[in-house]
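Novice: A predicted structure for the sequence below; I have some questions about it.
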Amino acid sequence: MSGLLKNISANFVGQGWVALMGICFVPVYLKFIGVEGYGLVGFFLILSSALTLLDGGFGAAATREASVYGASSDEDKLRIILVLRSTEVIFWGVAFFCGLLIFLLAPFIVSHWLDVDVSKVESVTRVIRIMAGAILLQFPVPFYYGCFIGLQRQVLLNVYSSFFATVRSAGAALVLWLVSPSVESFFIWQCVVSLTTLLVIRVGVVRAVPGWSQSPVFSIYALKRLGHFATGMGVSNILSFALMQVDKIILSKLLSLRDFGYYMLAWTVGTIAFRLMSPIFNSYYPKMASHVELGEDGEVFRLLLRGSQLLSILVVPISLWIAIYSSDLLLFWTRDKEVAEVAAGPLSLIAIGTMFYSFMHMPYALQLARGRSKFSVWQNAVSLVFMAPLTYFLLVVYGLRGSGWPWLLMNVACVMIILPIVFSRLRVPGGMVWCSQVVVWPCLISFVVLWGGSILIAPLGSYKIFLSVIFLCLSFFLVVARFFILSLDWKKTRWRDVG
């Protein structure tokens, strides 16, 4: 098995398992802590995402440095290790700063941001302070995961992530069941698992990089080498966060914790495809960076097309399936008719928006591989100018029913307007071929199969969700058949020639 295929397989299995752990225990959490409690979990996710911006782009820059470690000379390897260790110091410093800041601001957050009943202010303040510890311990983790990705040790990475995702999710359910059915217990368990994860993966990175312990701990001169790329990534990350989280920030301010919990349930299911994007991105990005370094543009463009096609195979059918069968899926998952009725509309919009978001993933990897982060900064800035007021307007006018539209409209606009500009600036050949292969054919095939299937099984009531899986599998098969050719003896597949 080739290194690329091994990494894709490991990432797909690992991320798939992490996604499964992330959703299968949610009904248990709802049973013990309720929709309001899950709203606090959603707020924790927002805080965690927001504070990742404080890495200043050094996380992505360090991953890029690690991706060329294996092909570097001994002298360059020592320099890369120094860059990684210096970046590690930055991450730990920011982690302690963030944890302390949230701990001190907990009363302000509860009284001035969240819509909390007066009788629950004290308990929610305690929860926010426990969140501070969990965020402190989680903040450095992406740096070490990024090192594994860059070093192409992705089998080991996915072993770690799968194991700790299981302990985190299943353990939280057991704690709520056997110890205390409270939000405080939930977040204390998150702290325990985050600390264990942090210690184990740091040891794994140190063992994977010979000479780590002998290198100096910090060098400002080593970090200066990352300057332009890290700065561009830092600004891009800030804007990217704003685009990804602006709806949830506005919702957390204007909605009650209960309604916000409904939205976060829809977001959890609607963005499940994120877990399908990461395996492809994490496998192809280091390869693309290596070929860019060698000046092999033809191979870079081939990887761009193949990676994008694989993303479409994985993301398009599942996203359209979630969108079309949103109400049935929520009812089957939560066994709660109110949740299914309230969250189904936002879920459909979020799922389709996530599908369009996936189409931008591999072109973004190409930008990073070429060190061209400036354009993504402008893209995110322009998108944010429209996203924030649109979210506020739709929320005020339509309430929760309109909350999913901004995410969908923004990503559709990016694919239709921004993507052609990116291809032009990066001189990507065959843009129309890419569009037809990656966007048009997978969407057309999957929509016809899944929508047609929904009409056929509509009278079958509660059995619809089970029968819909048949049409999901059929759409997967037909999209795969559009991209691959299988030999007559069923032993070998190859990519279909797209001219």
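Specialist: Received, thanks. All figures in this text were calculated on a predicted structure; none of them were measured in a lab.

Novice: now the element after the helix or strand harbouring Glu65, going C-ward?
Specialist: Glu65 belongs to helix 58-67 when elements are defined using DSSP states H and E. Using DSSP H and E, the helix or strand that follows helix 58-67 towards the C-terminus is helix 74-112.

Novice: tell me the mean pLDDT for the helix holding Glu65?
Specialist: Average pLDDT, helix 58-67: 71.

Novice: low pLDDT regions in the stretch 201-350 of the chain?
Specialist: Residues of the stretch 201-350 of the chain meeting the criterion pLDDT under 70: 222-243.

Novice: now the strands for it?
Specialist: Secondary structure of the stretch 201-350 of the chain (DSSP state E, counting those that start in this stretch): no strands located.

Novice: show me where the stretch 101-250 of the chain has its helices.
Specialist: All helices of the stretch 101-250 of the chain, identified by DSSP state H, counting those that start in this stretch, fall at 121-138, 141-150, 154-174, 183-208, 220-224, 227-254.

Novice: in JSON lines: those helices, plus mean neighbour count.
Specialist: (Glycine included, C-beta is placed from N, CA and C.) Output for the helices of the stretch 101-250 of the chain, formatted as JSON lines (neighbours: other Cβ atoms under 10 Å):
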{"stretch": "helix 121-138", "mean neighbour count": "20"}
{"stretch": "helix 141-150", "mean neighbour count": "23"}
{"stretch": "helix 154-174", "mean neighbour count": "19"}
{"stretch": "helix 183-208", "mean neighbour count": "18"}
{"stretch": "helix 220-224", "mean neighbour count": "13"}
{"stretch": "helix 227-254", "mean neighbour count": "20"}
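
Novice: got CSV for the ones you listed, with distance to Leu444 too?
Specialist: As requested, the helices of the stretch 101-250 of the chain are exported to CSV (distance: least, Cβ to Cβ, whole Å):
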stretch, distance to Leu444
helix 121-138, 40
helix 141-150, 33
helix 154-174, 32
helix 183-208, 42
helix 220-224, 48
helix 227-254, 27
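
Novice: for Arg372, find the nearest of the ones you listed.
Specialist: Distance to Arg372, taken as Cβ to Cβ, is lowest for helix 227-254 among the helices of the stretch 101-250 of the chain, at 8.4 Å.

Novice: wait, doesn't Val428 sit right on Phe301?
Specialist: Yes: Val428 is within contact range of Phe301, at 6.3 Å (criterion: Cβ atoms under 8 Å).

Novice: picking up where we left off before, closest to Ala289 out of the helices of the stretch 101-250 of the chain?
Specialist: Of all the helices of the stretch 101-250 of the chain, helix 141-150 comes closest under Cβ to Cβ, at 8.5 Å.

Novice: may I have that closest one exported as PDB, CA atoms only?
Specialist: C-alpha atoms of helix 141-150 as PDB (Å, rounded to 0.1, in the frame of the first residue of the first chain):
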ATOM      1  CA  VAL A 141      -3.100  19.700  21.200                       C
ATOM      2  CA  PRO A 142      -3.500  20.900  17.600                       C
ATOM      3  CA  PHE A 143       0.200  21.800  17.500                       C
ATOM      4  CA  TYR A 144       1.200  18.200  18.200                       C
ATOM      5  CA  TYR A 145      -1.400  16.800  15.900                       C
ATOM      6  CA  GLY A 146      -0.100  19.200  13.200                       C
ATOM      7  CA  CYS A 147       3.400  17.800  13.700                       C
ATOM      8  CA  PHE A 148       2.200  14.300  13.100                       C
ATOM      9  CA  ILE A 149       0.400  15.400  10.000                       C
ATOM     10  CA  GLY A 150       3.500  17.200   8.600                       C
END
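
Novice: for the record, mean pLDDT for that helix?
Specialist: Per-residue scores along helix 141-150 average to 84.

Novice: ditto for stretch 160-174
Specialist: For stretch 160-174, mean pLDDT is 93.

Novice: would you mind pulling the contact partners of that stretch?
Specialist: Contact with stretch 160-174 is made by 13-15, 17-18, 21-22, 24-25, 28-29, 145, 148, 186, 189-190, 193, 196-197, 200-201, 204, as judged by Cβ atoms under 8 Å, 6 or more residues apart in numbering.

Novice: let's see that with 6 Å instead.
Specialist: Applying Cβ atoms under 6 Å, 6 or more residues apart in numbering, the contact partners of stretch 160-174 are 14, 17-18, 21, 25, 28, 186, 189, 193, 197, 201.

Novice: cool, stretch 133-142 as well?
Specialist: Applying Cβ under 6 Å, 6+ apart, the set of residues contacting stretch 133-142 is 48, 59, 91-92, 95, 98-99, 187, 190-191, 194-195, 198.

Novice: wait, Ile465 sits on Phe332?
Specialist: Yes: counting by Cβ atoms under 6 Å, Ile465 does reach Phe332; the two are 4.7 Å apart.

Novice: where do the helices sit along the stretch 351-499 of the chain?
Specialist: Secondary structure of the stretch 351-499 of the chain (DSSP H, counting those that start in this stretch): helices at 361-369, 374-398, 405-413, 419-425, 431-435, 441-456, 464-483.

Novice: overlap of the contact sets of Val428 and Phe301?
Specialist: Common neighbours of Val428 and Phe301 are not found (criterion: Cβ under 6 Å, 6+ apart).

Novice: residue contacts, Met131?
Specialist: Counting by Cβ under 6 Å, 6+ apart, Met131 makes contact with 44, 187.

Novice: at 10 Å instead, please
Specialist: By Cβ atoms under 10 Å, 6 or more residues apart in numbering, the contact set of Met131 is 40-41, 43-44, 47-48, 99, 102-103, 106, 109, 183, 187, 190-191.

Novice: most surrounded residue in those residues?
Specialist: Ranked by neighbour count (other Cβ atoms under 10 Å), those have Val183 at the top, with 27 neighbours.

Novice: which residue packs closest to that one, ignoring adjacent ones?
Specialist: Gly37 (4.7 Å; Cβ to Cβ, 6 or more residues apart in numbering).

Novice: how far away is that neighbour from Leu20?
Specialist: 22 Å (Cβ to Cβ, to the nearest Å).

Novice: so which of those two has more stuff around it?
Specialist: Legend: neighbour count by other Cβ under 10 Å for Gly37 and Leu20, higher for Gly37 (22 against 16).

Novice: so Val179 makes contact with Val192?
Specialist: No: using Cβ atoms under 10 Å, Val179 makes no contact with Val192, being 11.7 Å away.

Novice: once you drop chain neighbours, what's closest to Ala388?
Specialist: Val246 (5.2 Å).

Novice: doesn't Leu384 make contact with that neighbour?
Specialist: Yes: Val246 lies in contact with Leu384 (Cβ under 10 Å); the separation is 7.1 Å.

Novice: got any residues that touch both of these two?
Specialist: With Cβ under 10 Å, 6+ apart as the test, Val246 and Leu384 both reach Met410.

Novice: how far away is Phe44 from Val183?
Specialist: Distance of Phe44 to Val183, given as Cβ to Cβ: 10 Å.
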